[in-house]
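Q: Return a 3D structure for these sequence lines:
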Amino acid sequence: MEIQSLRSSPNFLFRKNSDNAKYSKDFSETIDPAASAMAAFHVEDPTTGDLDFSAVSASDLRSYARQSYDTGTIDQDTYAALSEPLPMRTIDPSGNVLDLSDVTDGTSFNFRDYYKDQLQIAMSIGDPETVKTLKSVVSFLDA
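A: From the prediction side, this is the model:
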C-alpha cells in the first residue's frame, strides 16, 4: 500500500476545464449582517424571578447563581461557594452536628440560614478568606 500526500495528489488539484468552470466564477452574493444576526445565547435577568432562599432546591440555587454570575451580579468566589454541593454533615453555631445527607438536588432546603450559620462559624474561627466569601454569599441571598 502506497501513501501519498493530499497536496501532491493530481486528483485534488484544481484544474481549469469545462467541468469546474462554474466553480471558478466570482462569488457575487452578499450577506446582509443584520438579517443573519440573531441572539444565540440569552441570559435572563436574575432579579425578575426572586427565589425564596429559605426553601429552594440546590439545583435551583445553582441555576440562579449561574445566571447571576453570567450577568456580573456576583463574583467567581461567590458563585463557586453557591454551586458546590453541601457536605453530608456539618455543625451549627451551637456545636450540634447536623445531618444533611437527605438534601438532594430536588429537595427544598433553607440555604439562607445554612450560609448564615457557616458565616458565624467562620467568624468565630477567624478564617478571613472564608469570612469574605461567606459574607458575599449571605448578602447575595439576603438581597
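Q: Follow the chain on from the worst-scoring helix or strand of the chain on mean pLDDT and name the next helix or strand.
A: Within the chain, no helix or strand scores below helix 33-36, which has a mean of 53 by mean pLDDT, DSSP states H and E. The first helix or strand that comes after helix 33-36 along the chain, using DSSP states H and E, is strand 56-57.
Q: Just give the number of residues close to V97.
A: 8 (other CB atoms under 10 Å). Heads up, the C-betas are built off the backbone N, CA and C, glycines and all.
Q: Looking at strand pairing, list the partners for it.
A: Per DSSP bridges, the residues bridged to V97 are I91.
Q: Identify the residues contacting it.
A: 89-91 (CB atoms under 8 Å, 6 or more residues apart in numbering).
Q: With K135 instead?
A: Contacts of K135 (CB under 8 Å, 6+ apart): L119.
Q: what helix or strand is it on?
A: For K135, the element it lies in under DSSP H and E is helix 128-142.
Q: May I see the buried residues of that helix?
A: Going by neighbour count (16 or more other CB atoms under 10 Å), the buried part of helix 128-142 is 130-131, 133-134, 136-138, 140-141.
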